[in-house]
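[1] requesting a structural model of the entry that follows:
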Amino acid sequence: MDTTPQAPVRYHSCPACGAKGLEFEPQSQKLHCTYCGWQGDVPQTEAEIVEQPYETFLAKATIQQVTLTAQEIQCPGCGAVTTFDPKYVAENCPFCGTHLQVQPRTANPILAPQAVQPFRMTRQHTFAQCQQWLGKNWFAPNDLKKLAQPENLQGMYLPFWTFDSYTRSFYRGERGEAYYVTETYRDSDGNTQERQVRYVRWHPAQGWVERFFDDVCVAATRSVPPQRLERLVALGYSPEGLRPYETSYLTGYRVERYQVALREAFALAQQKMDAVIREDVRADIGGDEQRIHSIKTSYNAVTFKHILLPVWMFSYRYRGKSYQVLACGVTGKVLGDHPLSIWKVIWAIILGLMVAGIGLWAISYSESEERPEPPRQEQNDGMLRGEQLPRRLP
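    Just a heads-up that it's a prediction; the model follows:
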């Protein structure tokens, strides 16, 4: 009896109608044919998400294709390189909104991802979130909402690196202990006063701190500002949501190939680790204040993995300037930027000045109402009071 495990079935076209219209559907987490409505499960493998040894990989420097049928296209506006199935070529760049008129080419070999976090939010739900986000931004131009249409949302998988490392750091510094001394001084009136003056007594300090870092995430794209990517990762991505890499999850979506190489990404990860280690050193020194003179860190048992995270993107050009709106493909939460309506800003300033003017008038009016009337001056002229003045005797 043959007990050899069978390879999972992968669909390149719809098994029901034969059309190449398969897409991964976030709501059902299944493959869906956009022509006949057929649904099928995503092929499951026994593969696990395995961290790769960093030094060993650099020594081998092996590369693999993302997919045999993938093609890639480079945007002439922002330079982003995305891979996709030939059927799903978009007219505009998802990062800057530039119209793509260049010819796609066969994708260059790159390191295949170890894991992917599938889309959870549908296009319709994300569009509703975008509409709500635009509604909260009152200063956005009114015609901007006309650009925010469901068909303008593009599903993208952005590349990231994650790193694990056990660190051991030796530090030298000083521990500051505060103490107070009572001093006397003379105030402006010449009187003698006392006050407590704070001083710090410093003591040399040195020692070791250790920490294990797990899944330090570094963006592998340059098409989105780093600060925005940090916020994007915090919107709902988690290691628990990762699945072993399977090309079926990418069906119907575009994938940006990584632009930040592995060595550069690890250097960025070290910067994140160093910031945490520095706080560990301060805690280990103790005292009221700390001075850190040097930290020497060894990074041991470094492992990494290449992952893809889902993003709904809406990029557009408004009056010659490029704007970008991102939505987490897991939670649907939105962040981005938008132009300001000059007329709305002017009206807001005018309204603010009017409100301030009314407020000042109300304050001045209330003060005038509360001010008491001055006492009337008594007139000594008896004629004015109707009294007869006494006659002077001769």
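
[2] state the pLDDT value of the closest residue to residue 242 other than its chain neighbours.
    Spatial nearest neighbour of residue 242, excluding adjacent residues (C-beta to C-beta, 6 or more residues apart in numbering): residue 115 at 4.1 Å. Using the backbone N, CA and C atoms, a C-beta is placed for each residue, glycine as well. According to the prediction, residue 115 has pLDDT 92.

[3] break down the protein into its helices, ranges please.
    Under the criterion DSSP state H, helices of the chain are mapped to 54-60, 123-136, 144-147, 226-233, 262-285, 342-370, 382-385.

[4] quick one: buried residues of the second one?
    For helix 123-136, burial by neighbour count (16 or more other C-beta atoms under 10 Å) applies to 123, 126-127, 129-130, 133-134.

[5] cool, and the fifth one?
    Counting neighbours by 16+ other C-beta under 10 Å, one finds that the buried residues in helix 262-285 are 262, 265-266, 268-270, 273, 277-278, 280-282, 284-285.

[6] what would those look like in CSV with pLDDT and distance to residue 53?
    Shown next, in CSV, are these (pLDDT from 0 to 100; distance: C-beta to C-beta, whole Å):
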residue, pLDDT, distance to residue 53
262, 92, 12
265, 95, 15
266, 97, 12
268, 96, 19
269, 96, 15
270, 97, 17
273, 97, 18
277, 97, 22
278, 97, 27
280, 97, 25
281, 97, 28
282, 97, 32
284, 97, 29
285, 97, 33
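
[7] now, which of those sits nearest residue 229?
    residue 268 (11.3 Å; C-beta to C-beta).

[8] ok, the closest one - contacts?
    Taking C-beta atoms under 8 Å, 6 or more residues apart in numbering, we find residue 268 in contact with 218, 260.

[9] mind redoing it with 10 Å?
    161, 163, 216, 218-220, 226, 260 (C-beta atoms under 10 Å, 6 or more residues apart in numbering).

[10] ok, now residue 301?
    51, 53-55, 164-167, 212.

[11] can you select the buried ones from the residues you listed in ChimeraX?
    Here is the ChimeraX selection string for the buried members of those, based on 16+ other C-beta under 10 Å:
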select :51,54,164,165,167
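
[12] the contacts of residue 301: which two are farthest apart?
    It's 55 and 212 that sit farthest apart of those, by C-beta to C-beta, at 17.5 Å.

[13] and of the contacts of residue 268, the nearest to residue 252?
    residue 220 (21.9 Å).

[14] so that closest one touches residue 305, yeah?
    No. If you go by C-beta atoms under 10 Å, residue 220 and residue 305 don't touch, sitting 11.5 Å apart.

[15] more neighbours, the two?
    residue 220 (23 against 20; other C-beta atoms under 10 Å).

[16] distance-wise, check residue 169 relative to residue 161.
    Going from residue 169 to residue 161 by C-beta to C-beta, to the nearest Å gives 22 Å.

[17] got any ranges where this structure has weak pLDDT?
    Along the chain, segments meeting pLDDT under 70 span 1-12, 61-110, 136-151, 317-320, 338-348, 351, 365-394.

[18] was I right about residue 316 contacting residue 152?
    Yes. Counting by C-beta under 10 Å, residue 152 is a contact partner of residue 316 at 7.1 Å.
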